[in-house]
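Participant: Below are the sequence and a predicted model for it; my questions follow.
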Amino acid sequence: MTSREMMHRSEVAVSVELETPDMTLNIGPQHPATHGVLRLIAKIHGERIETVEPVIGYMHRGYEKLAEVRTYAQMTSLVNRIDWVSGFASEVPFILGVEKLMGVEAPERAQWIRLILTELFRISSHLVFMSSYPLELGASTPLMHVLREREFILELIEDVTGGRFHPNFSRVGGVKPAYGGGSQTKKQSMDLPAGFFKRTLEAMDRMDQIRDDIDTLVAGNELFKARTVDVGVIPADKAIEYGVSGPNLRASGVAYDLRKVDNYLPYDQVEFDVISRTSGDCYDRYVVRLDEIGESVKIIRQAVDIIPSGPLQAKVPRVLKVPRGQVYSRAENPKGEFGYYIVSEGGKMPYRLKIRSTSFSNLTILPWILEGQLIPDLVAILGSLDFVLGDVDR
Amino acid sequence: MTFWLELVIKLVLMLGLVLTAALVTIYVELKAGSHMQARIGPYYAGGRWGWAQPLADGAKFLQKEDLAPANADRTVYGFAPYVVMMSTLAIFAVIPLGSDLVATKLDLGVYFVLAISSLSVLGILMAGWSSANKYSLIGGLRAAAQLIAYELPLVLAVVAVVVQAGTMSLTGIVEAQQTTLFTVGGFNVALPYLLTGQIIGFVIFMIAAVAELSRIPFDMPIAESELTMGYLTEYSGIRFTMFFLGEYASMVGLSAIAATLYLGGYGAPFLPETIANLAGPGILFVKVAALVFFIIWIRFTWPRLREDQLQSMAWRWLIPLALVNIAVVSIFKVVL
Amino acid sequence: MSDKPDAALEADANPLADYVGDMAERLGAEGFAVDFDTARVFVAREKWVDTINEARKELPFFSWLSAIDWSRETEVGEGVAEPDELEERFEVMCRLSSVTDDKAIQFFATVPKDDPTIESLTGSIGGAEWHEREAHEMFGIMFEGNNNLVPLYLPDEFIGNPLLKSFPLIAREVKPWPGEVDVEGLVSDQDGDEEGDAS
């Protein structure tokens, strides 16, 4: 070929319009960054995402149908498996709803124990978030350090309830009265284990320490900020429209915390602040949870002082028959607003139990927020919403 | 005859050196990194210290099945790891361990190193493309963009050193760093280039080197939590070992180059000529170990940068800075 | 509580009841009920979207949307307390709440079983899409205007609407329920109590 022909050829090749069709990328369900079995079908153009379609339901266990064939006591042991990171905090609204229908009020000590356990689980859930979120962005060290500190919290929970993740500790009318071991002592109800408050206060010191460490090492890191500031901004009105609640909502500027608004546990007797920030990006969501650990530590320290002595459970009949009624009972879970709508027709089992799970509502905003983002930002945003698949799928 | 004998001896020694260095580096990363993460690290393989862990991992990889994805381009797929390995090993041919301890005394030493090490981009692109996997493709493209972008600051930083030393030969650069600058109380004091005006160049070189190695904070191509190993996803067994060893070997190699260019190589202050050849490797080893440890330290501390942030850092910050560096060094070279 | 929709129960003299009564009147609802701290407002099916949009001006937070299947016969579980008085229907419910205080209202719309359609809220509330998809696949209710009513949780080959009272619990078809297991004894209970196995 002469050089003249070759030149002509190259000109022709360059002037043709290059068609680059969009690529459909399937992220998950098995993927290191998706917090469980979540599948995202993303249409991408280069590194930019055009649309995302989340496919959920891999962990659907049929809780609402199951609730229609389980007694209320049996349901108590099941509901802490919905959001397994904040186990006890999911039991609380359910038990409170049943107690409301039956007109039973738990004794003071039981309410304070519920409060302490809920706050311990809040710290535990936020620590899980603290550790796994930098890992998705590439920093692998906070994972190890933070989870080591979380062990102290889990040990405390295990001392009281017998379980690290699924405490199954609430009873209608209070909390589980603990038994001493052996058959001679089966009538003895032992209260919280000896030394529990002392160990709790020691653990709270460690929580303060790890909170400060993470503040310096992660939240103050320039690279971390470069990855999360102004990424994935959720404006306040969109958050309200989609039902996003909890730290995600408070990071967007709406200072709404159910612990201050509803009086489902004696939060009005402790002093704490509602943490909220203004811009609603991933960094704010991280910092809100970081600061909430500090607030929970404050609450627990006060609760340990205030907690009165007394019985652990009110008198309720052995086989629970809940009178007819419908009630919606909600609580501030670590991840947001968690609620149960109980329709009772007067039997031993609910007629209909609707579970308002936080992560499901938090996740509805995903298609809207992921449009037009880059793939690394997808990982950053997905992680910052802090959802658990068991909560999404029920 | 002696030429061939010498060649074989040099090859064997060099390969042995490189592989040992890579294995030791792997072990240090496992152990030191674990302690940084509040873990213990390798504990069982080889007694309490777990020193045999890299060997055990290597043996495990070698006995794996020879798999290739069904749609993969077989020739390219098989060839890619060797391209990367080859470009890494070739660097070591010109690194001086002592004033005479070098495999080849090339006048073009530094030029040769930069040219050969940029062949690894080709190998990575081959790996990403031929794996017939969308994740690998994205990883390969990211890697190509990143490596090309960071070649430039690397080269420009080296140009400043070459200007200051007046030669491209690595041995020549070390000797240039050993020229006496001033005398203090009867002792001739020579300073490495790090302290005589190349501090910015050193920083640029190290940043670019970490980016060339695709390590955190620049490991977008292998972003584990997003792309499950990027261009390496479909590789296993011996081919993966080649990539793996190649990465650690080039970590040692680039650190050795940095030590030679900026920290004075095998030379040390107050060293008599007679034992320069004997003590040289040891001195170089100390400097290389410090740099390698620093690179490992960074990996366990920081998150990774996003692709566009990475690119903007290279093009908008490092390259202009490196050009300014060259200008300043040239002016000082002419004036002083 | 299988109320006829236009019966307003005796509300306690509390601020929530006053507020809800006021809202119900303004929205032109068919009735309301406040008990157990839960406010329910009953809305006609035709005015569903308008009522919700109007209420959102004061209660902007869209919490959730779901349905109840009121049916005399149940395949598993216990049925309604008075099956003879029950009017078989679906009830679509949607909860809106405030983001400044604890006011919240649950809106109910009756949907007859032979014509299970209702207008969709996705036009004004973006978050309603997934909730309506779930209600659709669990109960079979059609939401007009929601053009993405593909199953959310269930696999593609699944036939049926699981949360209907007429849908059997498949696990029990395979293996019959062994009966209720003993709950653990309580402290304050009778003497000689054996600590039962917790289920």
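Facilitator: Thanks, I have the structure now. These numbers were taken from a predicted model, which means no experiment stands behind them.
Participant: roughly how far apart are whatever residue of chain C ends up closest to chain B and A:Gly336?
Facilitator: Of all residues in chain C, the one sitting closest to chain B is C:Asp156 (23.5 Å; C-beta to the nearest C-beta). C-beta here means a position set from N, CA and C on the backbone, and glycine is covered the same way. Separation of C:Asp156 from A:Gly336 (C-beta to C-beta, to the nearest Å) stands at 30 Å.
Participant: between these two, who's got more neighbours?
Facilitator: Legend: neighbour count by other C-beta atoms under 10 Å in any protein chain shown for C:Asp156 and A:Gly336, higher for A:Gly336 (27 against 6).
Participant: beta partners of that one?
Facilitator: A:Asn333 (DSSP bridges).
Participant: so it touches A:Thr358, yeah?
Facilitator: Yes - A:Gly336 lies in contact with A:Thr358 (C-beta atoms under 8 Å); the separation is 3.5 Å.
Participant: Overlap of the contact sets of those two?
Facilitator: A:245-246 (C-beta atoms under 8 Å, 6 or more residues apart in numbering or on different chains).
Participant: Who are the contact partners of the closest residue to chain C within the stretch 101-250 of chain B?
Facilitator: Nearest residue of the stretch 101-250 of chain B to chain C: B:Lys134, at 23.5 Å (C-beta to the nearest C-beta). Applying C-beta under 8 Å, 6+ apart to B:Lys134 gives the contacts A:23, A:25.
Participant: right, and B:Val76 touches B:Ser131 too?
Facilitator: No - in this structure B:Val76 lies outside contact range of B:Ser131 using C-beta under 8 Å: 9.4 Å.
Participant: The two: who's more crowded?
Facilitator: In terms of neighbours (other C-beta under 10 Å), B:Ser131 is the more surrounded of B:Val76 and B:Ser131; the figures are 27 against 15.
Participant: who's in contact with the more buried one?
Facilitator: By C-beta under 8 Å, 6+ apart, B:Ser131 lies in contact with B:69, B:72, B:77, B:137, B:140, B:231, B:233-235.
Participant: pLDDT value on it, please?
Facilitator: Looking at B:Ser131, its pLDDT reads 81.
Participant: where does chain B have its least confident helix or strand?
Facilitator: When each helix and strand of chain B is scored by mean pLDDT, DSSP states H and E, helix B:224-227 comes last, with a mean of 48.
Participant: mind listing what the closest residue to B:Trp315 other than its chain neighbours touches?
Facilitator: With C-beta to C-beta, 6 or more residues apart in numbering or on different chains as the criterion, B:Trp315 has its nearest non-adjacent residue at 6.4 Å, and that residue is B:Ala149. Listed by C-beta under 8 Å, 6+ apart, the contact partners of B:Ala149 are B:211, B:310-311, B:314-315.
Participant: just curious, which of those is nearest to A:Thr278?
Facilitator: A:Thr278 has its nearest neighbour among the contacts of B:Ala149 in B:Leu310, at 28.8 Å by C-beta to C-beta.
Participant: roughly how far apart are the closest one and A:Ser384?
Facilitator: Distance from B:Leu310 to A:Ser384, by C-beta to C-beta: 21 Å.
Participant: One more: A:Ile157?
Facilitator: Distance from A:Ile157 to A:Ser384, counting by C-beta to C-beta: 26 Å.
Participant: the more surrounded of these two?
Facilitator: Neighbours were counted for A:Ile157 and for A:Ser384 using other C-beta under 10 Å; A:Ser384 has more, 24 against 21.
Participant: Run the chain-centre distance for stretch B:100-109.
Facilitator: 18 Å (C-alpha atoms, centre = their mean, to the nearest Å).
Participant: ranges for the helices of chain C?
Facilitator: Using DSSP state H, the helices of chain C run over C:15-27, C:48-55, C:128-139, C:170-174.
Participant: buried stuff in the longest one?
Facilitator: Yep, that's helix C:15-27 we're talking about. Across helix C:15-27, burial judged by 16 or more other C-beta atoms under 10 Å in any protein chain shown covers C:16-17, C:20-21, C:23-24, C:27.
Participant: Serialize these to a markdown table and add fields for pLDDT and distance to chain B.
Facilitator: Shown next, in a markdown table, are the buried residues of helix C:15-27 (pLDDT from 0 to 100; distance: C-beta to the nearest C-beta, whole Å):
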| residue | pLDDT | distance to chain B |
| --- | --- | --- |
| C:Leu16 | 79 | 47 |
| C:Ala17 | 79 | 52 |
| C:Val20 | 82 | 48 |
| C:Gly21 | 83 | 53 |
| C:Met23 | 81 | 48 |
| C:Ala24 | 81 | 51 |
| C:Leu27 | 79 | 48 |
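Participant: shaky segments in chain C?
Facilitator: Within chain C, the ranges that satisfy pLDDT under 70 run C:1-13, C:177-199.
Participant: now check stretch A:271-286, is it near chain C?
Facilitator: No - contact of stretch A:271-286 with chain C (C-beta under 8 Å from any C-beta of the partner chain) is absent, the minimum separation being 11.4 Å.
Participant: Near chain B, which residues of chain C are found?
Facilitator: Counting by C-beta under 8 Å from any C-beta, no residue of chain C is near chain B.
Participant: May I ask which helix or strand encompasses the residue nearest in space to the middle of chain B?
Facilitator: For chain B, the residue lying nearest the average C-alpha position, counting by C-alpha atoms, centre = their mean, turns out to be B:Leu254 (2.5 Å). Element membership of B:Leu254 [criterion: DSSP states H and E] is helix B:237-262.
Participant: likewise A:Phe129?
Facilitator: Per DSSP H and E, A:Phe129 falls inside helix A:108-137.
Participant: That helix and chain B in contact?
Facilitator: Yes - using C-beta under 8 Å from any C-beta, helix A:108-137 comes into contact with chain B via A:134-137.
Participant: Quick check: which ranges of the stretch 201-336 of chain B have low pLDDT?
Facilitator: For the stretch 201-336 of chain B, the stretches with pLDDT under 70 are B:221-229, B:270-276.
Participant: Which single residue of it ends up nearest chain A?
Facilitator: Using C-beta to the nearest C-beta, the single residue of the stretch 201-336 of chain B nearest to chain A is B:Arg304, 3.3 Å away.
Participant: now swap in the stretch 51-200 of chain B and tell me
Facilitator: When scored by C-beta to the nearest C-beta, the stretch 51-200 of chain B has B:Lys134 as its residue closest to chain A, at 5.9 Å.
Participant: Go ahead and confirm A:Val172 touches A:Met75.
Facilitator: No - using C-beta under 8 Å, A:Val172 makes no contact with A:Met75, being 10.4 Å away.
Participant: Find the least confident helix or strand in chain A, judged by mean pLDDT.
Facilitator: helix A:3-15 (a mean of 45).
Participant: how near is the residue of chain C closest to chain B to C:Glu137?
Facilitator: As defined by C-beta to C-beta, C:Asp156 lies at a distance of 11 Å from C:Glu137.
Participant: Remind me which helix or strand the nearest residue to B:Leu261 once chain neighbours are set aside belongs to.
Facilitator: Nearest residue to B:Leu261 in three dimensions, chain neighbours excluded: B:Val161, at 4.8 Å (C-beta to C-beta, 6+ apart). Per DSSP H and E, B:Val161 falls inside helix B:134-165.
Participant: so that helix versus helix B:237-262, what angle?
Facilitator: Computed with axes from the mean of the first three to the mean of the last three C-alpha atoms, to 10 degrees, the direction of helix B:134-165 lies at 20 degrees from that of helix B:237-262.
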